[in-house]
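>>> my questions are about this predicted structure, shown below with the sequence.
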Amino acid sequence: MRSEGNPCFFVFATRRSKEVRLLYHSAKRRSSSRLMMFIIALIIFIFGLGLNLSVGASDIGIIDSLKYLFVWDGSKEQLIISTLRLPRTLIGVFVGASLAVAGALMQAMTRNPLASPQIFGVNAGASLFVVASLVILPASPYSSVIFAFAGAAAGGAIVYMIASSGGMTPVKLALSGMAVHLFLSSMTQAIIILNESGEDVLYWMTGAIDGSNWQDVITIAPFSVIGIGLALVFSGSVSVLGLGDETAKGLGQNMNGIRILISLIILILSGASVAVAGPIGFVGLLVPHIVRKLIGEHYQYVLPFSALFGAILLVYADVLARWIAFPYESPVGIVTAIIGTPFFLYLARKGRHLK
Amino acid sequence: MKKTTRKQKRPLLAILILAVILIVLSVISIGIGALYISPDAVVTNLLGLDHSFEFIIQQYRLPRIILAILAGAGLAAAGAILQGVIRNPLASPDVVGISKGSGLAAMAVILIFPESPVYVLPFSAFAGAAIIAVLLLMIARKKSIQPSSLALSGIALGAVCHAGMQYMMVKFPGDVNAALIWLTGSLWGRNWEEVKLLAPWLLILFPIVCILIPKLDLMSLGDELAQGLGENANRLRFILIFTAVALAGSCVAVVGSIGFIGLLAPHIARRLTGEKAKYLLPASALIGAIILLIADTLGRGIMPPVEIPAGILTAVIGAPYFLYLLKFEARKQ
Amino acid sequence: MRTYSNKLIAIMSVLLLACLIVSGCSSSQNNNGSGGSKSKDSRVIHDEEGKTTVSGTPKRVVVLELSFLDAVHNLGITPVGIADDNKKDMIKKLVGSSIDYTSVGTRSEPNLEVISSLKPDLIIADAERHKNIYKQLKKIAPTIELKSREATYDETIDSFTTIAKALNKEDEGKEKLAEHKKVINDLKAELPKDENRNIVLGVARADSFQLHTSSSYDGEIFKMLGFTHAVKSDNAYQEVSLEQLSKIDPDILFISANEGKTIVDEWKTNPLWKNLKAVKNGQVYDADRDTWTRFRGIKSSETSAKDVLKKVYNK
């Protein structure tokens, strides 16, 4: 189920000295505790799915919710479950997993625990294009998803181009990302202000998945799956990236090639997420932190765990989003921020120890 | 080497030229707006010989121009100090999250308590900046402050404030547009009241900055060296950051969270006058004043009667230039 | 250690301070703006900021909100300046025809220079949006601040009376108000006695749907006509999802839509939409966004009220 292709593990296993055998056993213990954690997380996840399906403005109990997944009797409740809630839950899963993995990758690339996909210019670019399309070309028949994608790609491309000119270093990536983010958000604000249309775009800009439908699921699913899949396949290289350029070169990795690939994956994952759900923050920042605290720095494990934990976070945040102002919705992006803030402050103080 | 001897002559000259540019731009700027007023009419109105444009010049444009100069100078000086203290050329009040903090507080006032009297807004904006500064100091205190770490901590704090702001916009959908305009930073509607609000702060802070200038040079030598010379590095750092926050906070309180000035002005100044604080600071202040003045003037004059908030123009001009600087600096290394 | 450049800074600061003091002095002497003259024709107007004295019959009026335009135009005056968000069409729609005026910019940031160049003798501003430029406006002309953005229907009526007084047209104002009340009462009478369907208006945007509850302006108009409002709340606006809309399931639904694709187009493809009572009974109607939610004046409320009755009862 998860990638056990850890080459180091393999190396250990083939040597026969005593200390290696001890290490082997402690590693095995660690791996069994990891397994435990994964199983617990999975249980929490499945429970969260059930919760997500059953909580909402209309009263539909858990048993009934699950029932309506399979029994299509055309009743109002069943329609709600299958056309509204199920896609929404799925979107929560995909977006949460994608953002968390993108965040983990971002933090590995910049070698800084406070990086997140937001500073890759993706969110700001998507927002700019969406706002521009809503305000300047309101009659366009294209949905905001396409614009968001285009904007995300544009933002990411600019950041990448600037950061990589003259050789990319983590510092430069972080800073050019920040500058592009600030620039694009200012432009977005400019358009909103000059058009007096704050309220029109507000809801999108906070990140919301309550309007999700099957079209959105179809949009994000392939990107999510491909992106996370690629990330898992190359997770070994990601770990190496975190070790530093010289070490990496010593181990024979093609640094530039890896960086391009990982940047692409980050773009795909966060671009698809923002296209479908708007800019949701904190998931990409927070989840990799928590995961690393629990299971260490090996990206072979960090990545799949991040995906799972990210999905959990978003699914539960979505449930909370429906409770805060019951029976009305709050955008889920705000809830992740509410949960994220205390966590973040706590981590930032302790986080110095992580690197 | 040839470079250093050439640089010794330049700083004072550069500062003088900047001052002259500032004065000339101010006079021109008085003439620009929805109505164009020729320079000679400007002069006669200022001297009181002519009263035809009295409201526009005396009540509307002049206070704005003075405010632009003061706020631009204050923000730039704050940026220069931060960059010196944190020993990183990319620190500035908006990067470090201070502007977002005051934005959060200001938005709370605008959206949640729109009935409150006019002076509550600047005070709460200042309080917001102060809170973020404290948080940042707490986060960054343990380790020596690395460039990307501080920038990212600031961004993260800014992101937290941003989320808070969005929450408020959704829960209290009052005048969202007004809140956004404040966030972007604008000099619209600012008049002598705001000048009177800001000037005393700067009058107190600028001399303090002057006194601190030699200490700033010491700080850039590094903690050990500074301590070897008898300075308590931590206390000095604290005082300097506090001054920078006070400067930035008071400016932001009055004009909104205008971005990029604190980041950009010291950079440009550095290329003209080098690293020595006693030249860098006045040059940054002058350049900051010039930038904000130009931004506000353009904002007033490009498409009347619509005014483009100055903060938008500083971003439109500032960001690409900053990115260009990033590229250029990288290639040097 | 006084260096050369420190002295430079000191000199410059002193110079700057001197400039400030001189300018500040000269500005505070110019407290004209015709706020202090007491001719025998002056009236004291009570507005949100306290009291303002207005004398004579203002002819050159600048209005900074749409509901004020509605009022002023109703009293027979064409303002010389309007804050129109640069949307001349919107003004044409409100007034019913093309009028000659100068745009003073957006409602949130009206251009004080243009206002001053129009040499107005009365300015009507919004109590909340323009409170921080109130003092400056007063220097240009007598200014009254009234609630517009956050006003209820009753407050709009009061504002109308205040504006009439300021324009020295109190009698005409009373007449117009009486006319308006008659129109509304006539419209109320057209409502069938046994009308007990509930009704609500929603604004459809590209990515969200926002219901206007009983405490919104249009909500008040519905209630005034005698309808039951489908959503009772103290918050004027509330975003809802399709799930919630189907829970609320109003009998009559008015939709104000932005141009272009809105979320409702997406919802229409969902069977839940077709299940809505309003959809099944063909009681979903268009509501023009400007007239219904932006204009908020006396005349516009009449227009919206007539619109409701026409659409619901097919007159």
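Done, it's in. Residues are numbered from 1 along each chain as shown, chains lettered A, B, ... in the order given.
>>> burial of the residue in the stretch 1-150 of chain B positioned nearest to chain C, as a residue count?
Closest to chain C within the stretch 1-150 of chain B is B:Ala34: 4.1 Å, counting by C-beta to the nearest C-beta. Where you see a C-beta, it was placed from the backbone N, CA and C, and this is true even at glycine. Using other C-beta atoms under 10 Å in any protein chain shown, the number of residues around B:Ala34 comes to 22.
>>> could you look up the SS state of it?
coil (DSSP: H, G, I helix; E, B strand; the rest coil).
>>> what does the stretch 151-300 of chain A put close to chain C?
With C-beta under 8 Å from any C-beta of the partner chain as the criterion, the stretch 151-300 of chain A comes near chain C at residues A:196, A:199-201, A:203-204, A:208, A:210-211, A:213, A:215, A:278.
>>> of the residues you listed, which count as buried by neighbour count?
A:196, A:199-201, A:203-204, A:208, A:210-211, A:213, A:278 (16 or more other C-beta atoms under 10 Å in any protein chain shown).
>>> and those as CSV, adding secondary structure?
Output for those, formatted as CSV (three-state DSSP):
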residue, secondary structure
A:Glu196, coil
A:Glu199, helix
A:Asp200, helix
A:Val201, helix
A:Tyr203, helix
A:Trp204, helix
A:Ala208, coil
A:Asp210, coil
A:Gly211, coil
A:Asn213, coil
A:Gly278, coil
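>>> give me the lowest-pLDDT entry from the residues you listed.
Here the lowest pLDDT out of those sits on A:Glu199, with 69.
>>> farthest-separated two in the buried ones among the residues of the stretch 151-300 of chain A next to chain C?
Comparing all pairs in those by C-beta to C-beta, the longest separation belongs to A:Glu196 and A:Asn213, at 29.8 Å.
>>> quickly find the element holding the spatially most central residue of chain A.
Centroid check for chain A by C-alpha atoms, centre = their mean gives A:Leu99 as the closest residue, at 0.7 Å. Element membership for A:Leu99, per DSSP states H and E: helix A:86-110.
>>> packing partners of that helix?
Contact here means 3 or more C-beta pairs under 8 Å, 6 or more residues apart in numbering or on different chains; DSSP states H and E; on that basis helix A:86-110 packs against helix A:18-54, helix A:170-194, helix A:214-233, helix A:235-241, helix A:255-277, helix A:283-295, helix A:299-323.
>>> if I look at C:Ser216, how far off is chain B?
Going from C:Ser216 to chain B by C-beta to the nearest C-beta, to the nearest Å gives 11 Å.
>>> nearest residue to that residue other than its sequence neighbours?
Leaving aside its sequence neighbours, C:Ser216 sits nearest to C:Ala236 (C-beta to C-beta, 6 or more residues apart in numbering or on different chains; 4.0 Å).
>>> pull the contacting residues for B:Ala319.
If a contact means C-beta atoms under 8 Å, 6 or more residues apart in numbering or on different chains, then B:Ala319 has A:179-180, A:182-183, A:186, B:260 as its contacts.
>>> surely C:Ile184 and C:Ser304 touch.
No: judged on C-beta atoms under 8 Å, C:Ile184 makes no contact with C:Ser304 at a distance of 11.0 Å.
>>> more crowded one of these two?
Using other C-beta under 10 Å as the criterion, C:Ile184 and C:Ser304 rank with C:Ser304 on top: 24 against 18.
>>> what separation is there between C:Gln210 and A:Val201?
Look at C:Gln210 and A:Val201: by C-beta to C-beta, to the nearest Å, they are 13 Å apart.
>>> now for C:Tyr237, how many residues are close by?
Neighbour tally, C:Tyr237, other C-beta under 10 Å: 17.
>>> revised request: answer the last question for A:Gly50.
Neighbour tally, A:Gly50, other C-beta under 10 Å: 16.
>>> quick check: closest non-adjacent residue to it.
A:Ile62 (5.6 Å).
>>> can you pull the contacts of that neighbour?
A:50-51, A:53-54.
>>> what about C:Ser233, which helix or strand?
Per DSSP H and E, there is no helix or strand for C:Ser233.
>>> meant to ask about A:Val130
helix A:122-136.
>>> what distance separates that helix from the centre of its chain?
20 Å (C-alpha atoms, centre = their mean, to the nearest Å).
>>> run the contact check for that helix versus chain C.
Yes: contact of helix A:122-136 with chain C (C-beta under 8 Å from any C-beta) involves A:Leu134.
>>> any idea of the pLDDT on A:Ala100?
Note for A:Ala100: predicted pLDDT of 93.
>>> what sits against it?
A:283-284, A:287-288, A:291, A:306-307, A:309-311, A:313.
>>> helices or strands up against the helix or strand harbouring B:Ala41?
Element membership for B:Ala41, per DSSP H and E: helix B:39-46. Helix B:39-46 sits against helix B:2-31, with contacts defined as 3+ C-beta pairs under 8 Å, 6+ apart.
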